[in-house]
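Engineer: Take this sequence and fold it.
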Amino acid sequence: METATVAADAASGMAVHDDCKLKFLELKAKRTYGFIVFKIEEKQKQVIVEKLGEPTQSYEDFTASLPADACRYAVYDFDFLTAENCQKSRISFIAWSPDTSSVRSKMIYASSKDRFKRELDGIQVELQATDPAEMELDVIRSRAN
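Structural biologist: As a prediction, this is how the structure comes out:
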């Protein structure tokens, strides 16, 4: 019966803390942050901001801020040059779900993702990653064009 309880809990979805929307708007409008890592706080049944990255921090700093064995949502402000040499920026949403995280955690993050994403208006690229190779800059660049 335990799996039924996990599924019922996971399906309920999570509230989104106002701070998540606020920080996302600051990233989008003012470029205050280079990235934001979000975490589901199960006891409070809500998504919260776990880490804010400075605009000067690298993509490596961003990927290093994702735990190796726990799920997270993240938003990364990706700047790049197009083939025509135009500077572009794409706000990328990454659903980080490493193979080593618990089944319960994967279910909760998967079932809450769409609702959470809807709260963040302005996402241009979406990635689902279970391993760092699935979210390398080249992958984002290919989706961003």
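
Engineer: In this protein, where's the longest helix?
Structural biologist: Counting residues, the longest helix in the chain under DSSP state H turns out to be helix 103-119.

Engineer: Report the contact partners of the residue lying closest to W96 once chain neighbours are set aside.
Structural biologist: Distance criterion CB to CB, 6 or more residues apart in numbering; nearest residue to W96, sequence neighbours excluded, is R72 at 4.6 Å. Every residue, glycine included, has its C-beta placed from N, CA and C. R72 sits next to V37, F38, K39, E50, L66, W96, Y109 when contact means CB atoms under 8 Å, 6 or more residues apart in numbering.

Engineer: I figured E26 hits I36, correct?
Structural biologist: No: the criterion here is CB atoms under 8 Å, and E26 misses it with I36 at 9.1 Å.

Engineer: Between these two, which is the more surrounded one?
Structural biologist: Taking neighbours as other CB atoms under 10 Å, E26 and I36 compare with I36 leading, 24 against 14.

Engineer: my hunch is that the more buried one is in a strand, does that hold up?
Structural biologist: Yes: assessed by DSSP: H, G, I helix; E, B strand; the rest coil, I36 belongs to a strand.

Engineer: residue contacts, it?
Structural biologist: C20, K23, F24, L27, V49, K51, L52, G53, A74, V75.

Engineer: Phi and psi next, for G34.
Structural biologist: Dihedral pair for G34: phi -90, psi -30, per degrees, to the nearest 10.

Engineer: actually D18, sorry about that
Structural biologist: In terms of degrees, to the nearest 10, the main-chain angles of D18 are phi -50, psi -30.

Engineer: roughly how far apart are it and K43?
Structural biologist: 18 Å (CB to CB, to the nearest Å).

Engineer: one step back: so what does the longest helix of the chain touch, helix or strand wise?
Structural biologist: On a contact count with 3 or more CB pairs under 8 Å, 6 or more residues apart in numbering; DSSP states H and E, helix 103-119 meets helix 2-11, strand 15-16, helix 18-25, strand 35-41, strand 72-81, strand 87-96.
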